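In: compute the structure for the input listed below.
(one chain, ligands or ions: 1)
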Amino acid sequence: MTKVLFVCLGNICRSPTAHGVFEHIVKAENVAEQFEIDSAGTAAWHIGKEPDSRSQKAARQRGYELKHLRARQVQSDDFEYYDYILAMDGSNLSDLRSRCPDHFQHKLSLFLTFGEHNEKEVPDPYYGGADGFNHVLDLVESASRGLLNYIQEH
Ligand code: 4NP
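Out: Below you'll find the model as predicted:
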């Protein structure tokens, strides 16, 4: 069992998108039972909320369902429990680094290091238009495929 946690700021746009896309891909590849997947935010603002309606809409147009997801905040247990803790941007990563015990720091990385785009951060789409949400999906789809390949090879 490999446990994967996706992390962004609010846990209503980028990390639930990654959660839903990665969940979809492991189901499609018939390996869902080998994974435990969750997402969380570094901030507490949106605890208990479903993903932003713009994220849900953009995801649904590509066949991913996010409606069942609910926002939560990163908690200290997560650093021990999860095997891969994947930050959407550098700010999320530095927040995680400052909270994570030294012996679990190796679990932390930028999610897009597994993707094929030149960009290494998923831009926050919250204050922008629909294009931003589609761009999040492009980046997340590539990194999700890369992550699954990486885990299956290691
Ligand atoms: P996320 O996007 O980190 O991808 O979930 C955001 C959601 C909400 C806010 C900022 C970013 N906010 O300022 O409330």
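In: what's next to the top helix by length along the chain, contact-wise?
Out: Using DSSP state H to define each element, the chain has its longest helix at helix 130-153. Contacting residues not belonging to helix 130-153 are listed as 2, 4, 13-14, 17-18, 21-22, 25-26, 29, 31, 54-55, 57-59, 62, 64, 84, 86, 111-117, 119, 122-123, 125 [C-beta atoms under 8 Å, 6 or more residues apart in numbering]. In short, each C-beta sits where N, CA and C put it, glycine included.
In: of those, which are in range of the ligand?
Out: Restricting those to those within reach of the ligand (C-beta under 6 Å from any ligand atom) leaves 13-14.
In: check Arg145 and give its pLDDT.
Out: Here the pLDDT value assigned to Arg145 is 98.
In: same question, Leu69
Out: Looking at Leu69, its pLDDT reads 98.
In: that older thread, in helices only, show me the contacts of helix 130-153.
Out: Among the contacts of helix 130-153, DSSP H puts 14, 17-18, 21-22, 25-26, 54-55, 57-59 in helices.
In: go through the longest helix of the chain and flag the buried ones.
Out: Neighbour counts over helix 130-153 (16 or more other C-beta atoms under 10 Å) mark 132-137, 139-148, 151 as buried.
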